[in-house]
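Visitor: my questions concern the predicted model and sequence given below.
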2 protein chains.
Amino acid sequence: MGRKRLQEPADGRPTVHTVAARAGVSIASASRVLNGVGGSPETIRKVREAAAEVGYVPNAIARSLQSQRTGLIALAVEDIGNPVYVEMMRAIEAVVASSGRQLLVHATGGRIDNETALLRRLANRYVDGMIVSPIRITDDHLTALVDSPVPVVVVGQLGADAGVDNVRTDSRQGVALAVDHLVATGRRRIGFVNGPLDTVPGVARDAGFRAALAGHGIALDEELVEVGDFQYAAGRAATERLLARTDPDALVCANDLIAVGALHALLAAGRRVPQDVAVVGMDDTELARMMFPQLSSVSLGSAERGRRAAELLLQRMADATLPPRREQVPPSLTVRASSAAPLPAPRSAAPGPPTTHPSSEGVTA
Amino acid sequence: MGRKRLQEPADGRPTVHTVAARAGVSIASASRVLNGVGGSPETIRKVREAAAEVGYVPNAIARSLQSQRTGLIALAVEDIGNPVYVEMMRAIEAVVASSGRQLLVHATGGRIDNETALLRRLANRYVDGMIVSPIRITDDHLTALVDSPVPVVVVGQLGADAGVDNVRTDSRQGVALAVDHLVATGRRRIGFVNGPLDTVPGVARDAGFRAALAGHGIALDEELVEVGDFQYAAGRAATERLLARTDPDALVCANDLIAVGALHALLAAGRRVPQDVAVVGMDDTELARMMFPQLSSVSLGSAERGRRAAELLLQRMADATLPPRREQVPPSLTVRASSAAPLPAPRSAAPGPPTTHPSSEGVTA
DNA sequence: CAGACTCCCGGAAACGTTTACAGCTATCGG
DNA sequence: CCGATAGCTGTAAACGTTTCCGGGAGTCTG
């Protein structure tokens, strides 16, 4: 029997050639048996035996090169420490798993170059598709998205002309829901703790806050606005700065992490929540329910956005010729103890539970 | 010019053949230029031009098949919603990134089959190495670990004979630190809210708790022990059950998520923390500092374990012949407001900050 | 000016798998 | 008893890249 190539690679790991040689059959037969397609009983026995003896395990890279698919899907988010991305990830994971694929997550740490590098690297066929949720978007970035070799779906705001599938929400309206609720329950000195203004969500929420106040005919006192990043520590520090110079009766926070920081700062400063200051967070993550008192929060439908993004991606992977699609998930407010109505003359419905009973499940607006 | 193969694959994406043909050079030259090694100025120009014109992007899978490496490292954890894994991930990420590789995370959801499947799939060369932190370990699992085609490092308890690199802590001693502290500050009816007893950390912490109490000559009242899973909701529910039947003056919790649940249940039941009940968490995550009052917590050095695991992995990837190594990171206790000494006659040092000043940074034991 | 050396290039093999194709044997139907 | 057919097998090509090797052209040295 003339062997045309090395049976055992330097690596030492067996290949299909090793198995075939040992079983005394061709690599084609070996491959067929190993894939469970075809083969006579005798061949099957021999190949199985040989494979077991040498401890054969197929090389997925080689298989992928041949089949042009890896069965892997990637999700890139900036901060995996933010529970909102965890919820999104879980929703995506469910869809992805049900399609028989596996999900891999990468945290970009908000470093834009990192995210672009990831796109260029992973998307070069290591994964069959990708979902990214950027908070900053540059042109370079957008280019990388558009001519990615594999399908990409974006979760977040993106221009209609971007030519990329995307699922977004309306966080301006989300902020408006919070403001409306606070105004309706008698609050007037409403503060706002936002994330960075060089991020897409940051500017949207800022605009939403200003518009909502104006809509109620309330003049905005700039002292009531603070900016940090989207983290707990920044939210706490920003709130401390804000409290040092003025006296709000409510705080709208640009996400739940910030809201938790604000709550901490308020309680540490001796303010009662919600009696003295009402707090409303955003994203409606598990964290909001974990606090005491539980935090009211505006849901931006992250799980739903994740689910839809995953579905869009699977569809596009099945048919690359689909036109770019945009979907939108509406925000909704869940009122909990941190903003239950304490001030005189709450005109709206939603009487809310007594603030001393924080285990209430909240009232969705 | 005789073209021997299809220049444009059905896929439509350009390959190095496309570029070479367009530039009028061989694929060898094209490849060299694209990798920045060799080539005359003229050739370089032509190839670069051709590549840009057709929008060439290299196929990483094919490259990996040739080079036998992907530059990717995977981390598998059970619950990415638990901040302890986020911290571990950040530490790992830092090491991995500094080696020029990229980290991918996979959440197994604690489903053991899922984790094994991941091992068998990813480890088949999609990644160059893998760090896993399982909470349940079966024989099947262990087998998959041991004869994985790529290096694997385990974060967590593993028998010395397992033959796999691993980094672990001593969570029995961790629980002991918490109990010692509580006893030293005058607590006697110390409760314990644990995770499932079919997990490795679950049994270790249970054993640690019993041993520590015995060490202080305190008889264990079984009514003071509750079990749930390692999540917030379970911690809260377990604490509610516990409070319904008995009356602890302190609670040790098997992780921070449980501790947060316990804190919520205590406050909702009208107990003062720490005056009526002291609370100590475990893992010392960011969450502990976010609470009000801030939670005392036993650090199990997750960041450090992550860092070391990553280093072990990189070493093994460089030299597969290394003998299996085991490293251990000691636990340490950080005392914060939730267990500051309120009961009479605290014999130990660590006077602790007044409980009304929760922004203290804590005292490390 | 001859020989040695450098540089660049193209052909071809290799990475490990799947699969189209053709040939062979054995069985079946007429 | 012979031709068709079904099932199995092996050869070889293909996936897209990198890289070894030999040859040719140009440059430098003596």
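Guide: Perfect, thanks for sending it.

Visitor: mind checking pLDDT for residue A:6?
Guide: Note on residue A:6: pLDDT of 40.

Visitor: next, residue A:168: secondary structure please.
Guide: State at residue A:168, reduced to three classes by DSSP: H, G, I helix; E, B strand; the rest coil: strand.

Visitor: that one reaches residue A:162, doesn't it?
Guide: No: shown here, residue A:168 and residue A:162 do not form a contact pair, counting by CB atoms under 8 Å, at 11.1 Å. No exception for glycine: its C-beta is placed from N, CA and C like everyone else's.

Visitor: tell me which of those two has more neighbours.
Guide: Neighbours per residue (other CB atoms under 10 Å in any protein chain shown) separate residue A:168 from residue A:162, with residue A:168 holding more: 20 against 16.

Visitor: show me the contacts for the more buried one.
Guide: Taking CB atoms under 8 Å, 6 or more residues apart in numbering or on different chains, we find residue A:168 in contact with A:155-158, A:305, A:326-329.

Visitor: okay, it: pLDDT?
Guide: Here the pLDDT value assigned to residue A:168 is 96.

Visitor: distance of the nearest residue to it once chain neighbours are set aside relative to DNA strand D?
Guide: Computed as CB to CB, 6 or more residues apart in numbering or on different chains, the closest residue to residue A:168 that is not its neighbour in sequence is residue A:157, at 5.2 Å. Taking CB to the nearest atom of the strand, to the nearest Å as the measure, residue A:157 falls 33 Å from DNA strand D.

Visitor: count of neighbours near residue A:157?
Guide: Residue A:157 - counted by other CB under 10 Å - has 18 other residues nearby.

Visitor: just confirm it is within a strand.
Guide: No: applying three-state DSSP, one finds residue A:157 to be coil, outside a strand.

Visitor: wait, it sits on residue A:203?
Guide: No: counting by CB under 8 Å, residue A:157 does not reach residue A:203; the two are 9.3 Å apart.

Visitor: and the helix or strand where residue A:17 lies, anywhere near chain B?
Guide: Following DSSP states H and E, one finds residue A:17 within helix A:16-23. No: contact of helix A:16-23 with chain B (CB under 8 Å from any CB of the partner chain) is absent, the minimum separation being 13.1 Å.

Visitor: same check on stretch A:79-95?
Guide: Yes: shown here: stretch A:79-95 in contact with chain B (CB under 8 Å from any CB) through A:80-81, A:83, A:86, A:89-90, A:93.

Visitor: can you list the residues you listed in a markdown table and add neighbour count?
Guide: As requested, the residues of stretch A:79-95 next to chain B are exported to a markdown table (neighbours: other CB atoms under 10 Å in any protein chain shown):
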| residue | neighbour count |
| --- | --- |
| A:80 | 25 |
| A:81 | 21 |
| A:83 | 23 |
| A:86 | 25 |
| A:89 | 25 |
| A:90 | 19 |
| A:93 | 21 |
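
Visitor: what's the angle from the helix or strand where residue A:103 lies to strand B:102-107?
Guide: Using DSSP H and E, residue A:103 sits in strand A:102-107. Between the axes of strand A:102-107 and strand B:102-107, defined by axes from the mean of the first three to the mean of the last three CA atoms, to 10 degrees, the angle is 120 degrees.

Visitor: need the next SSE after strand A:102-107, C-terminal direction.
Guide: helix A:112-122.

Visitor: run through who's touching that following helix.
Guide: A:74, A:76, A:78, A:106, A:108, A:130, A:132, A:134, A:136, A:138, A:140-141, A:144-145, A:148, A:152, B:57, B:60, B:71, B:102.

Visitor: any idea how far it is from the chain center?
Guide: Relative to the chain's own centre, helix A:112-122 is displaced by 17 Å; criterion: CA atoms, centre = their mean, to the nearest Å.

Visitor: so which bits of that helix are buried?
Guide: Within helix A:112-122, the residues that qualify as buried are A:112, A:114-116, A:118-119, A:121-122, counting by 16 or more other CB atoms under 10 Å in any protein chain shown.

Visitor: from the residues you listed, which is closest to residue A:227?
Guide: When the buried residues of helix A:112-122 are compared for distance to residue A:227 (CB to CB), residue A:112 wins out at 19.2 Å.

Visitor: for the closest one, give me the pLDDT.
Guide: On the pLDDT scale, residue A:112 is placed at 72.

Visitor: ok, residue A:115 to residue A:174 distance?
Guide: Distance of residue A:115 to residue A:174, computed by CB to CB, to the nearest Å: 24 Å.

Visitor: please apply the same query to residue A:133.
Guide: Using CB to CB, we find residue A:133 at a distance of 16 Å from residue A:174.

Visitor: between those two, which is the more surrounded one?
Guide: Neighbour count, other CB under 10 Å: between residue A:133 and residue A:174, residue A:174 has more, with 29 against 24.

Visitor: can you pull out the strands in the stretch 1-150 of chain A?
Guide: A:72-77, A:102-107, A:129-133 (DSSP state E, counting those that start in this stretch).

Visitor: nearest to residue B:256, out of these?
Guide: The closest of those to residue B:256 is strand A:102-107. By CB to CB, the value is 20.1 Å.

Visitor: contacts for the closest one, please.
Guide: With CB under 8 Å, 6+ apart as the test, strand A:102-107 has contacts from A:71-80, A:89, A:92-93, A:96-97, A:118, A:122, A:127, B:74, B:80, B:89-90, B:93, B:102-107, B:118, B:121-122.

Visitor: the same query, at a cut-off of 6 Å, please.
Guide: With CB atoms under 6 Å, 6 or more residues apart in numbering or on different chains as the test, strand A:102-107 has contacts from A:72-76, A:80, A:93, A:96, A:118, B:104-106.

Visitor: same check on stretch A:127-134?
Guide: The set of residues external to stretch A:127-134 that reach it, using CB under 6 Å, 6+ apart, is A:69-70, A:72-77, A:123, A:150-156, A:309, A:313, A:317.

Visitor: repeat that for stretch A:222-235.
Guide: Counting by CB under 6 Å, 6+ apart, residues outside stretch A:222-235 touching it are A:191-196, A:238, A:241-242, A:245-246, A:248, A:255, A:257-258, A:260-262, B:290.
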